[in-house]
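J.: Generate coordinates for the sequence data below:
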Amino acid sequence: MNDDLINQARASIYQLLSSLFAKEINADSLAMLNGLQGKTFWAQLTQEEQLEVDVNIIVTRLDELNSEKELLELAADYCSLFLLGTKNSASPYASLYMNDTADVLKSHSKKGSKDEVAIFGEQHQKMTQFLQQSQLEIASEFPEPADHIAVILAYIAQQCQQASYAEQLQFITDNIALWLEAFVMKVTESDQGHFYSALARLTQSWITQEQQWLKEEVEG
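T.: Here you go, the predicted structure:
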């Protein structure tokens with residue numbers, strides 16, 4: 001497989017991970033994930049030993065989503081983990097894992113509060129600069145800080161086909177690998193349905209694999 005095809009495949013994995021962290025699964029996205037293209041994609045991921053267990057958990061859960069009630073239950077898991085901002089949630093913002101004041105944050109819904117200042121902080125500004133440099137912006141229907149994991153993963157997807165391997169490795173190391181383990185631990189602690197803990201572990205395994213591969217490519 002040539003470099004263009006490899007990087008296109010890498011980008012599609014980052015885009016998928018980003019989409020699953022960006023919003024709840026609905027009937028349309030479920031049809032895509034369970035369709036022929038989706039099943040082919042999942043089957044390809046299971047060929048990687050480090051990814052197989054968590055991919056199988058995700059696929060099994062997706063197969064179980066055969067009613068509106070099941071979809072609503074998974075949406076409730078998403079909401080409690082990533083939207084409510086309680087002590088039992090797993091905030092998806094890099095700042096809250098890379099900022100010494102993260103433990104004082106309780107919610108990101110209070111305008112003008114200490115919470116909002118901390119969340120729209122250094123990591124948000126840093127990611128905003130990366131997006132601007134690449135002439136990108138966050139979609140208006142996704143009103144989240146730029147250091148949301150979905151934004152970071154989507155940015156890496158774009159960089160897969162536009163940045164050098166050295167630049168990609170540096171970005172991944174500095175902007176997601178440093179805090180991903182803490183995020184995964186929090187999701188695993190808090191996830192009642194196991195879908196999102198499997199997704200978080202899959203993301204961590206993929207990032208670790210990517211770092212190793214990129215390092216080998218850079219070092220020749």
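J.: Show me which helix or strand of the protein is least confident by mean pLDDT.
T.: Lowest on mean pLDDT, DSSP states H and E among the helices and strands of the chain sits helix 114-119, with a mean of 48.
J.: Contacts for the helix or strand following that helix, please.
T.: Note on helix 114-119: by DSSP states H and E, the next helix or strand toward the C-terminus is helix 122-133. Contact partners of helix 122-133, identified using CB atoms under 8 Å, 6 or more residues apart in numbering, comprise 93-95, 98-99, 137-138, 145-147, 151-152, 155, 171, 175. In short, each C-beta sits where N, CA and C put it, glycine included.
J.: remind me, longest helix of this structure?
T.: helix 195-219 (DSSP state H).
J.: Packing partners of that one?
T.: Helix 195-219 is packed against helix 3-22, helix 49-64, helix 68-82, helix 165-172, helix 178-190, with contacts defined by 3 or more CB pairs under 8 Å, 6 or more residues apart in numbering; DSSP states H and E.
J.: and if we set it to 10 Å?
T.: helix 3-22, helix 49-64, helix 68-82, helix 149-159, helix 165-172, helix 178-190 (3 or more CB pairs under 10 Å, 6 or more residues apart in numbering; DSSP states H and E).
J.: Now mean pLDDT, distance to Leu131 and mean neighbour count too, for those helices, in CSV please.
T.: As requested, those are exported to CSV (pLDDT from 0 to 100; distance: least, CB to CB, whole Å; neighbours: other CB atoms under 10 Å):
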stretch, mean pLDDT, distance to Leu131, mean neighbour count
helix 3-22, 94, 13, 17
helix 49-64, 95, 28, 16
helix 68-82, 94, 21, 16
helix 149-159, 96, 7, 22
helix 165-172, 97, 12, 17
helix 178-190, 94, 19, 17
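J.: Adding distance to Gln37, write those helices out as CSV.
T.: Below are the helices and strands packed on helix 195-219 laid out as CSV (distance: least, CB to CB, whole Å):
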stretch, distance to Gln37
helix 3-22, 10
helix 49-64, 13
helix 68-82, 20
helix 149-159, 17
helix 165-172, 26
helix 178-190, 27
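J.: right, and the ones you listed - which one's nearest Thr208?
T.: Thr208 lies closest to helix 49-64 among these, at 7.6 Å (CB to CB).
J.: shouldn't Asp191 be in contact with Ala76?
T.: No - the pair Asp191 and Ala76 fails to qualify as a contact (CB atoms under 10 Å) at a distance of 11.5 Å.
J.: before we move on, back to that, can you tell me which two in the contacts of helix 122-133 are farthest apart?
T.: Longest span within the contacts of helix 122-133, CB to CB: Asn99 and Glu137, 23.8 Å.
J.: more neighbours, those two?
T.: Asn99 (19 against 10; other CB atoms under 10 Å).
J.: per-residue confidence for that one?
T.: Asn99 carries a pLDDT score of 67 in this model.
J.: ok, now Gln192?
T.: 86.
J.: which SS class is Ser89?
T.: When classified by DSSP: H, G, I helix; E, B strand; the rest coil, Ser89 comes out as coil.
J.: Against Asn66, how distant is it?
T.: 27 Å (CB to CB, to the nearest Å).
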